[in-house]
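Chemist: Sequence unavailable; structure follows:
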């Protein structure tokens, strides 16, 4: 346990030492998301102009207006809804992920027709999926630079160094990412029959509780499998940079071996980071439900808090990455 | 709506102050009209006409899911003609094969038969006319209707001699049934849960000079005569049994079974359920002024924590519907929480109904309260007034939806908004997923109905026979949402007190009486002393939609420029230089627009910058009306239907015009920021696969 915590602690220290990196990552995310959010603001302002609902939407949420408005929406704006409030956004995102709504719509499988009376959670617009692909490419590009910084035990980042490292490792990072996507694809493909099997058991369960265990169980299994793919991919990236490997495929193979040998420790790092992420989310949920965003000042405050949350989340990702470097370096 | 300064928002953030939630739980008595009406009401009949009286003996084999039954039907010819042909419903033949009307239909209730276990049927083994002229009627038994020759949910027999008006015919029927699987229809079995409804050969209704005995369609519900039911059920020991009426006897048999006897007078159907897994909870409704009712809740063990919520919701219904219509007269009511995987949830039967719940049930979403209030509410319309649900479903579902929404809002406050995630879409009867409630989002009364009306309101005229709607969605909106909104609109136009008087009069006069839409309209006209037929022509007998909008134009008042006659000569008034105008004065035009086809009178509230207001009325006959104002203050806000009386208005959001554009911009940036935040998080999460 001390080894796990030590490596992760080292990772957090590295992430804190290079906190500017997290800001860069957040700025990339902000810039990309703003590409869709800015036109949405113009569109909503136009649709609300001179309506009584504009006041309702400014002080709270006018469900009647939103419902009628959303029925007319196509494209990314169709995703705007009350499900983004509180911790709903996280549930929505995880639901989308587990249903395979991933960059470029990869792994989106056919869904059984909902006949249960529940309103099915909606899918996601192709523009957003395209944006996801762009973000994945951008972050894959940056990963080489980030690892270049974390490789040094007391390394500090410079913008030039980040760009140089990113460019230097870009090709190999991209190949590892493609292999990871292939792995995720296999996971989703394997999950489909498992889901059918588990759902069949859920359908035939005597009690709702048993059914809940069946269908949430297969989602948990899927999530675990995706985490394992991510772990292998992430350590492969670490190996590429730490050992200056030229072959992405061989780095993945080495990563597989490393993860097999150090599975408990590697997974424990994920567990700790996930627990901290959940804590961050709960904190957000408790704040978000308790203050009202109305005028520009409170909106700026909201935006600032939101970016702090995203920063925290990105910080956790970077700390995990740095922790993985530390764990790999400490490995005998 | 509360307005808060950003400073207050900061303070709110700092303090993390808990938000006020609406009061929930059992309904307060306030808000309901007193039971003793200050106006004359029709007397309530003591008993029903008791036309179809059944004595049934049935045995359930829970392993084979079969029922062997014998019934004696005493049927009184209440018509003025002698009758020789007698149709019977054999509802479970809807599940016999893929040629039934139900299997051919669409929607969530249609029979979708896949596996062998799904199928069910009723086979009549013998049918005899008893009495002096006893005869075997089995040779005369024939199936099908002219509309649907393949359907076997209706069978007819013919007696050799007619049954005279006023005479009673006694039939003895022996039948065997295979219980269908519980995911297929309202009735059925899942594991040891058996929900046994529409299960015995049931005579049609001789009504308006003809037999009314329709096939079991995918969407439509039921219609039957009132009578006395005396039912003895035999099944293995250890089952918890719930049924229509009160249990009068229990006998243990030597073969390991037991026989339970249930009796209920003045009902038009008999339903029952049995399961070893049921938990039983009891309560009593004994509010002052109401007849006491013994309540019994049979629920799934995993839903034990929801027992109080189920019972409280049922009490809300007995209290509020009793006040708005007429008190519930039966001494008992049974609430059934359906088993996982059974699609028997959300259905009503005399003195027994099913709810529907999830293990994860945040109170804000009002589940199981909503479905419980609704299904319990059917007792007052379907159960006691008993319109023909095949032909005029809205007289039950619509009236009930109207009262459900009203009762839930009064007793529980507005419903929250949430979504269920990780719902694996397991099909009927499997309500899954993890609910997440959106903080601070509440639904106004009738909002769900308006959504349905926007989508499917134009498909069909509301007043159609249930199976004739073009789509299942059209059936749904015209049977539930639209009539509920029509009644809510009528309430807005005549006032709450008058509406209560209308419904009390209707519920009392037509208790046990199978009324029609025309009876209801006549009641409205009588109580209000006005002819409201135009209103029902615009709504019940139309597929038109209702939408009003409003716009305003403010202009600085014109100052005279040019020539004007004064003192017998033309005087020159020079134009103001540099565009400068004279004294501040405004000309405002408020345009009220009828964007939909439905024509209803509306009120308009105009608010001026100096705080003064003007109220206008418009009959809504033309496409638009314009109101002009000239004075020192411009219009800052104008609202059509300011009190929200026109619940049918599809887009209440365009009913108010405000001068300010700042709120629109601020609201837009606020929600775009929220969207931005969500998207950033989505992008981050998607990195998990790279």
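Modeler: Noted; the coordinates are in hand. Worth saying up front: this structure is predicted, and the values here are computed from it rather than measured.
Chemist: Now do the buried residues in the helix or strand harbouring residue A:280.
Modeler: Assessed by DSSP states H and E, residue A:280 sits inside helix A:263-288. Within helix A:263-288, the residues that count as buried by 16 or more other Cβ atoms under 10 Å in any protein chain shown are A:265-270, A:272-273, A:276-277, A:280-281, A:284-285, A:288. Glycine gets a C-beta too; all of them are placed from N, C-alpha and C.
Chemist: Can you tell me which helices and strands it packs against?
Modeler: Here helix A:263-288 touches helix A:2-17, helix A:208-242, helix A:296-330, going by 3 or more Cβ pairs under 8 Å, 6 or more residues apart in numbering or on different chains; DSSP states H and E.
Chemist: now with 10 Å?
Modeler: helix A:2-17, helix A:88-98, helix A:208-242, helix A:248-261, helix A:296-330, strand B:434-443, helix B:662-686 (3 or more Cβ pairs under 10 Å, 6 or more residues apart in numbering or on different chains; DSSP states H and E).
Chemist: what would the ones you listed look like in CSV with mean neighbour count?
Modeler: Listed next are the helices and strands packed on helix A:263-288 as CSV, based on neighbours: other Cβ atoms under 10 Å in any protein chain shown:
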stretch, mean neighbour count
helix A:2-17, 18
helix A:88-98, 22
helix A:208-242, 21
helix A:248-261, 18
helix A:296-330, 20
strand B:434-443, 20
helix B:662-686, 24
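Chemist: Check those for me: which has the lowest mean pLDDT.
Modeler: Lowest mean pLDDT within the helices and strands packed on helix A:263-288: helix A:2-17, a mean of 87.
Chemist: Tell me which residues touch residue 141, please.
Modeler: Because you didn't say which chain, this covers chain A. Residues near residue A:141 by Cβ atoms under 10 Å, 6 or more residues apart in numbering or on different chains: A:28, A:163, A:166-167, A:169-170, A:173-174, A:177.
Chemist: Chain B is the one I meant
Modeler: B:88, B:124, B:126-127, B:155-158.
Chemist: residues contacting the closest residue to residue B:509 other than its chain neighbours?
Modeler: The shortest distance from residue B:509 to any non-neighbouring residue, by Cβ to Cβ, 6 or more residues apart in numbering or on different chains, is to residue B:42 (4.3 Å). Neighbouring residues of residue B:42 by Cβ under 10 Å, 6+ apart: B:326, B:504-511, B:523.
Chemist: Compute the distance between residue B:42 and chain A, please.
Modeler: Residue B:42 sits 38 Å away from chain A, taking Cβ to the nearest Cβ, to the nearest Å as the criterion.
Chemist: Surely that residue is in a helix?
Modeler: No. Residue B:42: not assigned to a helix; according to DSSP: H, G, I helix; E, B strand; the rest coil it is coil.
Chemist: Need the pLDDT of it.
Modeler: Reading off the model, residue B:42 has pLDDT 97.
Chemist: Got phi/psi on it?
Modeler: phi -60, psi 150 (degrees, to the nearest 10).
Chemist: Tell me the residue of chain B that sits nearest chain A?
Modeler: When scored by Cβ to the nearest Cβ, chain B has residue B:656 as its residue closest to chain A, at 2.7 Å.
Chemist: my read: residue A:81 touches residue A:61, true?
Modeler: Yes. Counting by Cβ atoms under 10 Å, residue A:61 is a contact partner of residue A:81 at 9.4 Å.
Chemist: what sits against residue A:180?
Modeler: Residue A:180 touches A:136, A:140, A:226, A:229-234, A:236-237, A:248, A:252, B:687-690, counting by Cβ under 10 Å, 6+ apart.
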